[in-house]
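*Asks:* Give me a model of this one.
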Amino acid sequence: MDSNNNKKTAKKEKKNSVTNMLGRALRGRLISIDFFSRNWITVALLVLMFVWYITNKYECQTSMETIQKLEKQLEIVKTERVREQSRYMSRIRESAMHELVRRNHLDLEVQDTPPFKIQYNCN
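*Replies:* As a prediction, this is how the structure comes out:
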């Protein structure tokens, strides 16, 4: 019987210690002032590390957003550059051909209407 009583008292003590710790935590007395006075350097370093981590994470996220915006702008500028380059090249080729025709006195002119195809049916 003594072993049963010992087990019951051990369970009650364990339950009381858990409820006691929970009550201390709710009242804000889980960590005492003595703990902070003995370990103030460690606590200060931990707080500084958390602040540094949060700052780094925020800067990383803002930098990634900036990079995405700049990549979108770069794509737009690249497509505009290709479009302008093709317009420029077509104008250069056309003006170069006009100059060659004029220099060689071929008397050719640019047509206003596009050419059309003549289809022949043998039926």
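*Asks:* okay, now residue 43: neighbour count?
*Replies:* Per other CB atoms under 10 Å, the neighbour tally for residue 43 reads 13. Every residue, glycine included, has its C-beta placed from N, CA and C.
*Asks:* remind me, longest helix of the chain?
*Replies:* helix 40-103 (DSSP state H).
*Asks:* Show me what it is packed against.
*Replies:* In this structure, helix 40-103 packs against no helix or strand, with contacts taken as 3 or more CB pairs under 8 Å, 6 or more residues apart in numbering; DSSP states H and E.
*Asks:* for that helix, the distance to its chain's centre please.
*Replies:* Here helix 40-103 is found 13 Å from its chain centre; the criterion is CA atoms, centre = their mean, to the nearest Å.
*Asks:* now residue 43: how far from residue 55?
*Replies:* 19 Å (CB to CB, to the nearest Å).
*Asks:* in the protein, what spans have low per-residue confidence?
*Replies:* Filtered on pLDDT under 70, the chain yields the residue ranges 1-16, 18, 21, 24-25, 28-30, 123.
*Asks:* centroid residue for it?
*Replies:* Taking CA atoms, centre = their mean, the centroid of the chain lies closest to residue 64, which sits 4.1 Å from it.
*Asks:* State the distance from that one to residue 45.
*Replies:* Per CB to CB, residue 64 is found 28 Å from residue 45.
*Asks:* How many neighbouring residues does residue 33 have?
*Replies:* Neighbours of residue 33 using other CB under 10 Å come to 8.
*Asks:* actually residue 39, not the one I wrote
*Replies:* 13.
*Asks:* where's it relative to residue 117, distance?
*Replies:* 92 Å.
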